[in-house]
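Asks: Sequence and predicted structure are below.
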Amino acid sequence: MFLQGVPPVLCGLDRSWSRDAPTQPPSSPALLYSLAHLEDQLKAAYKLVTEGKFSEALRVFVRMLQVVPLMVVETRKEVDEVKELVGICKEYVIALRCELRRKELAADDAARAAELAAYFTHCNLQPVHKALSLRSAMTIFFKLKNLGTCAHFCRLLLELNPGQ
């Protein structure tokens, strides 16, 4: 049976589908996403954050969160890895939304922009990205002459050891 206007399906919808078998009993559906695929996406998203492409990185992290319910994992270890991946994506989505909103407000509302920069530093990010957020917040608070908060971010940056 063919449907008009719909392209033919070129792959099997069942995991055990074989082109050679004339008839097959239905089995579980084909997997579109795997843990390895999401780990590759995570590496690409990290690279986008490092390059400062925050809106693109946000799209990748949100897409990863949307894909997780469509995954099938077999072992408890994979379940734990997916849970860790969800936690990482959640932290980065929050951080990137704060930073993108701060960049929108930078000229209009300096106090709110500084507040968002401070929130950005509280997210649980990779050390390289945490250092970037601390440097950004340090610069913003220095320009606003809020030297006490600026010193706090300087101490956090030194504790992080960004040179190593």
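Replies: Here it is on my side, so go on. Numbering: from 1, shown residues only.

Asks: Make sure Val73 is indeed in a helix.
Replies: No. Under DSSP: H, G, I helix; E, B strand; the rest coil, Val73 falls outside any helix and is assigned coil.

Asks: Excluding chain neighbours, what is closest to it?
Replies: The shortest distance from Val73 to any non-neighbouring residue, by Cβ to Cβ, 6 or more residues apart in numbering, is to Val79 (5.5 Å). Quick note: C-beta positions are derived from backbone N, CA and C, even for glycine.

Asks: Tell me where the protein has helices.
Replies: 35-50, 54-67, 76-105, 110-121, 127-143, 147-160 (DSSP state H).

Asks: The nearest residue to Thr50 once chain neighbours are set aside: neighbouring residues, count only.
Replies: Nearest non-adjacent residue to Thr50, counting by Cβ to Cβ, 6+ apart: Val128, 6.4 Å away. Under the neighbour criterion other Cβ atoms under 10 Å, Val128 is assigned a count of 12.

Asks: Would you check that Val128 makes contact with Lys47?
Replies: No. Between Val128 and Lys47 there is no contact, the gap being 10.8 Å when judged by Cβ atoms under 8 Å.

Asks: Contact partners for the most centrally placed residue in the chain?
Replies: In the chain, the residue lying closest to the centroid (Cα atoms, centre = their mean) is Phe61, at 2.9 Å. For Phe61, the contact set (Cβ atoms under 8 Å, 6 or more residues apart in numbering) comprises Ala45, Cys89, Tyr92, Val93, Leu96.

Asks: Could you measure from it over to Leu100?
Replies: Distance from Phe61 to Leu100, counting by Cβ to Cβ, to the nearest Å: 12 Å.

Asks: residues near Thr139, how many?
Replies: By other Cβ under 10 Å, neighbour count at Thr139 equals 13.

Asks: Please apply the same query to Cys89.
Replies: 23.

Asks: Pull the contacting residues for Phe54.
Replies: Leu48, Leu96, Glu99, Leu100, Lys103 are the contacts of Phe54 under Cβ under 8 Å, 6+ apart.

Asks: On the pLDDT front, check it for me.
Replies: Model confidence at Phe54, given as pLDDT, is 93.

Asks: Nearest residue to it in space, ignoring adjacent ones along the chain?
Replies: Leu96 (5.0 Å).

Asks: Return the residues in contact with that neighbour.
Replies: Val49, Phe54, Ser55, Ala57, Leu58, Phe61.

Asks: Done for today, thanks.
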